[in-house]
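*Asks:* just coords:
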């Protein structure tokens, strides 16, 4: 059965001809949607799916795995390079700032970018007053660190920016960028997740949007374990959950409107209001309501805290997040309705395994090269 027919909510397909879409996200300059492709091009579409622009960006033709916007710049990452294009887009001045593979890119509020480059370090790109770009490669000074996927988390009262980074077998890293207007400093706090004596492979991390907990995060292990923190700066895990019933290899993790979403190689999972329950210190025990959409998606993302995007074959499915609970047969308390309403999705009351003391944090200084 086609995926779109399995959904109880209208999923708007945005169809693409030509190269496969490999990344989806926001195009904040015009509040539209941005898509990266396997041949190194960027396509901009409206929410209605109308083509706005199409522009080859990466001369090598490598697949795009990340796009980020800062001021009048857009950074595009692949497994071979990090490219920055200046406004106007398309057609602006293009510069390759780093010849090396990175696992995506995120923007800094100071007008630059951070790109995790695996064992090669963390790439920080800054725009100098004379218009040139400077990039620094940052590594752990007393131990090797693996920088995989990153997320912007928040800004402190003093203006420091907090980022989270999934470090694969190195656990989860909280990165603080301090700026005095002339230079930036980065400190890394490194933590391990352990089950027994084994490290868990952390493959993704995301911010949990919250006005009461501005530095809350969720991280995902390759074994589909979920790790939630009220404040990544101080607590390297408040709650750990493992779902033995989840199928497939963990791909990525999202949070919006109080929900948690997990994509694996076999299915897409919707955990309604789990983030809200965690941040409000509501008891989390017994079975959790989980909705499962069997599919083979390449990636998933959220745009403007409103739209959920699932990249499949030659389409991107666009869903409205606010409509998901009711469409999935859940009542106001996010439990299955008792009025006989049903969903064509596979629904489970999954009983997770809990781990409240999984992290062993330690400070790790950063060396610049």
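*Replies:* Sure, I can see it. None of the values given here were measured: they were computed from a predicted structure.
*Asks:* So for stretch 140-158, mean pLDDT?
*Replies:* The average pLDDT within stretch 140-158 is 86.
*Asks:* Now do the end-to-end distance for it.
*Replies:* 25 Å (CA to CA, to the nearest Å).
*Asks:* Quick one: the helices in the stretch 151-300 of the chain, in order.
*Replies:* Using DSSP state H, counting those that start in this stretch, the helices assigned to the stretch 151-300 of the chain run over residues 274-279.
*Asks:* mind listing what residue 65 touches?
*Replies:* 22, 23, 36, 77, 78, 79, 102, 103, 104 (CB atoms under 8 Å, 6 or more residues apart in numbering). (Glycine included, C-beta is placed from N, CA and C.)
*Asks:* oh sorry, the question was meant for residue 159
*Replies:* residue 179.
*Asks:* any idea how far residue 177 is from it?
*Replies:* Distance, residue 159 to residue 177, using CB to CB, to the nearest Å: 10 Å.
*Asks:* re earlier: ok, and the most crowded of the contacts of residue 65?
*Replies:* Counting neighbours by other CB atoms under 10 Å, the top entry in those is residue 77, with 29 neighbours.
*Asks:* got a pLDDT number for that residue?
*Replies:* Reported pLDDT for residue 77: 96.
*Asks:* Quick check, it in contact with residue 100.
*Replies:* No. The pair residue 77 / residue 100 is not scored as a contact, 10.3 Å apart, by CB atoms under 8 Å.
*Asks:* so how far is residue 206 from the nearest residue to residue 259 once chain neighbours are set aside?
*Replies:* Excluding the flanking residues, the one nearest residue 259 by CB to CB, 6 or more residues apart in numbering is residue 272, at 5.5 Å. Distance, residue 272 to residue 206, using CB to CB: 16 Å.
*Asks:* Ok, residue 54 next?
*Replies:* In terms of CB to CB, residue 54 sits 29 Å off from residue 206.
*Asks:* Please apply the same query to residue 246.
*Replies:* 17 Å.
*Asks:* which residue packs closest to residue 20, ignoring adjacent ones?
*Replies:* Spatial nearest neighbour of residue 20, excluding adjacent residues (CB to CB, 6+ apart): residue 38 at 4.6 Å.
*Asks:* ah, wrong one, I meant residue 246
*Replies:* residue 224 (4.2 Å).
*Asks:* residues near that neighbour, how many?
*Replies:* By other CB under 10 Å, neighbour count at residue 224 equals 22.
*Asks:* swap in residue 198?
*Replies:* 11.
*Asks:* Repeat that for residue 174.
*Replies:* Quick note: residue 174 (other CB under 10 Å) scores 25 neighbours.
*Asks:* cool, residue 136 as well?
*Replies:* Neighbours of residue 136 (other CB under 10 Å): 16.
*Asks:* Confirm for me that residue 290 is in contact with residue 243.
*Replies:* Yes. In this structure, residue 290 is within contact of residue 243 by CB under 8 Å, at 7.5 Å.
*Asks:* Next one: the residue nearest to residue 20 from residue 354, what distance?
*Replies:* 40 Å.
*Asks:* Which one's more surrounded, the two?
*Replies:* Remark: of residue 38 and residue 354, residue 38 carries more neighbours, 17 against 12, as counted by other CB under 10 Å.
*Asks:* my read: the residue nearest to residue 259 touches residue 322, true?
*Replies:* No. Using CB under 8 Å, residue 272 is not in contact with residue 322; the gap is 11.9 Å.
*Asks:* Neighbour count: those two, which is higher?
*Replies:* Per other CB under 10 Å, whichever of residue 272 and residue 322 has more neighbours is residue 272, with 23 against 11.
*Asks:* For residue 54 and residue 206, work out which one has more neighbours and name it.
*Replies:* Neighbour totals were compared for residue 54 and residue 206, and residue 206 leads with 25 against 14 (other CB under 10 Å).
*Asks:* just to revisit the earlier point, which residues do residue 290 and residue 243 both contact?
*Replies:* With CB under 8 Å, 6+ apart as the test, residue 290 and residue 243 both reach residue 350.
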